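Visitor: got a predicted structure here, sequence first:
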Amino acid sequence: MKFENELKIIKKGVEEIIPLDELVKKLEKSEKTGKPLRIKYGIDPTGFDVHIGHLVPIRKMRDFQDMGHTGVIIIGDFTAQIGDPTGRDESRPPLTKELILENSSKYMEQLFTVLDPAKTEIRYQTEWFGKMGMTDVIKLMGKFTLAQFLAHDTFRNRYEQGLPLGMHEIMYPILQGYDSVAIESDIELGATEQKFNILAGRDMQRYFGQEQQIAVLSPILMGTDGINKMSKSMNNYIAVFDPPNEKFGKVMSIPDSLIVNYYNYATTLHPDEIAAIKAELEKGTNPMLMKKRLGWEIVKLYHGAEAADTAREAFEKQFSQKELPEDIPLFKANEANMKLMRILTEGGLCETNGEAKRLIMQGGVSVDGEKVTAFDSELVLKDGMVIKCGKRKYLRIAL
């Protein structure tokens with residue numbers, strides 16, 4: 001089959017391609033004409049903390065770039081003022097233009113840990129929406145019906161439950177759809193929850209007489225807890241800017257059931273290699289071995305092979321050999337006695353007293369190897385005392 005290897009790579013970590021036969025035709029046309037396909041992905045710069053779950057579709061864009069195609073990142077500086085309503089029960093407040101630009105710059109810095117800058121276009125929605133008048137907007141709205149939008153779970157549920165549903169939110173898929181027209185998108189990448197918006201882009205291109213884009217939809221990466229989707233609010237995420245040792249440690253904390261899932265969605269290994277890893281696990285190979293390799297692969301992507309080797313060695317030294325890490329940060333104390341919760345927050349191990357209290361009561365904090373479960377514990381401090389919080393965070397007391 002023609003493009004067999006390309007399709008195998010494209011399908012890796014992808015849940016749905018709509019429609020697959022048109023994707024093959026686009027690949028054939030690109031090969032025949034020598035014109036790269038335009039691969040679209042839009043970011044909503046309402047924040048800038050990027051974790052490896054956000055990068056699942058970005059890795060797919062890099063796959064296409066490695067095949068010679070062009071990635072087009074659309075900065076949603078216009079739609080960010082609306083807020084994507086997908087999956088939300090309430091409206092989101094708009095952002096200022098200055099904050100949007102600041103977030104966009106920090107966001108792109110993290111995306112370029114994956115993307116090839118030479119094959120990446122960065123476009124801002126205000127390039128086209130900034131020139132539109134009311135007549136143009138009304139014409140865009142006229143391309144869709146209210147029934148189409150009420151068929152969407154997010155809109156229908158909020159309508160049926162009597163929750164606020166602003167007209168500006170209904171505009172979001174329309175504006176995202178027109179982005180595809182503006183850049184002449186061939187393929188749009190996104191999470192499965194973006195299916196409605198991406199298909200709206202196909203409809204919009206048809207209305208404007210363009211060849212319709214292909215939707216390539218990726219599932220949402222599960223968090224390190226194996227229960228919820230990866231998110232900062234659930235504290236189950238691996239951030240792009242996490243240091244190597246922390247990345248490796250977080251990977252080692254995932255349930256064994258997620259090993260193949262992470263290989264698929266968070267590494268660049270070829271599908272055949274992942275199939276071999278899956279077969280090894282099914283044969284009964286120790287999951288710890290496959291998890292260590294997974295941690296190494298993920299750290300290598302962001303920090304290089306040398307950093308990955310060092311992170312693996314540090315993990316083995318700390319956990320396999322039960323040794324303390326060498327680079328424990330110091331907490332300089334001017335008092336002989338201090339509340340444990342205060343040390344955890346002032347030392348940066350916990351962001352809030354609430355988080356510190358919860359960790360202590362759950363048995364996640366130890367002092368010199370002894371668990372402390374009373375949240376109001378007061379410590380008699382000793383020089384060199386080691387406080388451990390969770391699986392990987394430490395402080396050494398310095399009087």
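Guide: Received the coordinates, thanks. Note that the structure is a prediction, hence the values are computed from the model and not measured. Numbers count the residues shown, from 1 in each chain.
Visitor: can you pull the pLDDT of the most far-flung residue of the chain relative to its centre?
Guide: Distance from the C-alpha centroid of the chain peaks at residue 336, with 43.3 Å (C-alpha atoms, centre = their mean). Here, the pLDDT recorded for residue 336 equals 81.
Visitor: quickly note the distance from it to residue 247.
Guide: To residue 247, residue 336 is 37 Å away according to C-beta to C-beta, to the nearest Å. The C-beta positions use only the backbone N, C-alpha and C, and glycine is treated the same way.
Visitor: before we move on, what about residue 342?
Guide: Separation of residue 342 from residue 247 (C-beta to C-beta): 29 Å.
Visitor: so between those two, which is more surrounded?
Guide: Between residue 342 and residue 247, counted using other C-beta atoms under 10 Å, the more crowded position is residue 247 (24 against 15).
Visitor: now that one, what's its secondary structure?
Guide: Here residue 247 is recorded as helix under DSSP: H, G, I helix; E, B strand; the rest coil.
Visitor: what residues are up against it?
Guide: By C-beta atoms under 8 Å, 6 or more residues apart in numbering, the residues touching residue 247 are 238, 295, 298-299, 302-303, 311.
Visitor: next one: residue 356
Guide: Applying C-beta under 8 Å, 6+ apart to residue 356 gives the contacts 340-341, 344-345, 349-350, 365, 375.
Visitor: name the nearest of these relative to residue 219.
Guide: Lowest distance from residue 219 to the contacts of residue 356 (C-beta to C-beta) belongs to residue 350, with 31.3 Å.
Visitor: from what I see, the closest one and residue 343 are in contact.
Guide: No. Using C-beta atoms under 8 Å, residue 350 makes no contact with residue 343, being 9.5 Å away.
Visitor: distance of the residue most central in space within the chain from residue 63?
Guide: Nearest to the geometric centre of the chain sits residue 54, at 1.7 Å (C-alpha atoms, centre = their mean). Per C-beta to C-beta, residue 54 is found 16 Å from residue 63.
Visitor: pass me the low-pLDDT residue ranges in the chain, would you?
Guide: Residues of the chain meeting the criterion pLDDT under 70: 1, 81-94, 319-323.
Visitor: and if we set it to 50?
Guide: 87-91 (pLDDT under 50).
Visitor: just the strands in it please.
Guide: Using DSSP state E, the strands of the chain run over residues 16-18, 38-43, 70-75, 120-124, 187-191, 214-218, 330-332, 337-339, 365-367, 370-371, 378-380, 386-389, 393-398.
Visitor: domain boundaries for the protein, per the record?
Guide: The chain breaks down into these domains under automatic domain parsing: 4-218, 244-320, 330-398.
Visitor: quick one: which of the ones you listed is nearest residue 232?
Guide: domain 4-218 (5.8 Å).
Visitor: check contacts around the residue lying closest to residue 367 once chain neighbours are set aside.
Guide: Computed as C-beta to C-beta, 6 or more residues apart in numbering, the closest residue to residue 367 that is not its neighbour in sequence is residue 387, at 5.5 Å. Applying C-beta under 8 Å, 6+ apart to residue 387 gives the contacts 331, 340, 343-344, 347, 349, 365-367, 394-397.
Visitor: could you identify the buried members of the residues you listed?
Guide: 331, 340, 343-344, 347, 349, 365-367, 394-395, 397 (16 or more other C-beta atoms under 10 Å).
Visitor: residue 183 contacts residue 73, correct?
Guide: No. The criterion here is C-beta under 8 Å, and residue 183 misses it with residue 73 at 10.1 Å.
Visitor: quickly list what's touching both of those two.
Guide: Residues touching both residue 183 and residue 73 (C-beta under 8 Å, 6+ apart) are 121, 123.
Visitor: on that earlier part again, got a markdown table for the buried ones among the contacts of residue 387, with distance to residue 123 too?
Guide: Shown next, in a markdown table, are the buried ones among the contacts of residue 387 (distance: C-beta to C-beta, whole Å):
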| residue | distance to residue 123 |
| --- | --- |
| 331 | 47 |
| 340 | 51 |
| 343 | 48 |
| 344 | 44 |
| 347 | 44 |
| 349 | 41 |
| 365 | 48 |
| 366 | 51 |
| 367 | 53 |
| 394 | 45 |
| 395 | 45 |
| 397 | 52 |
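Visitor: now, which of these sits nearest residue 273?
Guide: residue 394 (35.0 Å).
Visitor: for the closest one, list each beta-bridge partner.
Guide: Residues in a beta bridge with residue 394, per DSSP bridges, are residue 388.
Visitor: what distance do you get for it to residue 299?
Guide: In terms of C-beta to C-beta, residue 394 sits 19 Å off from residue 299.
Visitor: show me how far stretch 45-55 is from its chain's centre.
Guide: Computed by C-alpha atoms, centre = their mean, to the nearest Å, the chain-centroid distance of stretch 45-55 equals 5 Å.
Visitor: ok, residue 246 touching residue 391?
Guide: No. Contact criterion C-beta under 8 Å: residue 246 and residue 391 do not qualify, at 10.4 Å.
Visitor: neighbour count winner among those two?
Guide: The residue with more neighbours, out of residue 246 and residue 391, is residue 246; 16 against 12, by other C-beta under 10 Å.
Visitor: for the more buried one, give me its contacts.
Guide: Here residue 246 is in contact with residue 392 (C-beta under 8 Å, 6+ apart).
Visitor: same question for residue 13.
Guide: Contacts of residue 13 (C-beta under 8 Å, 6+ apart): 56, 59-60, 218-219, 264-265.
Visitor: what's the closest of those residues to residue 128?
Guide: Closest approach to residue 128 among the contacts of residue 13 (C-beta to C-beta): residue 60, at 24.9 Å.
Visitor: so that closest one sits against residue 191, correct?
Guide: No. Between residue 60 and residue 191 there is no contact under C-beta under 8 Å: 11.1 Å.
Visitor: nothing else from me, thank you.
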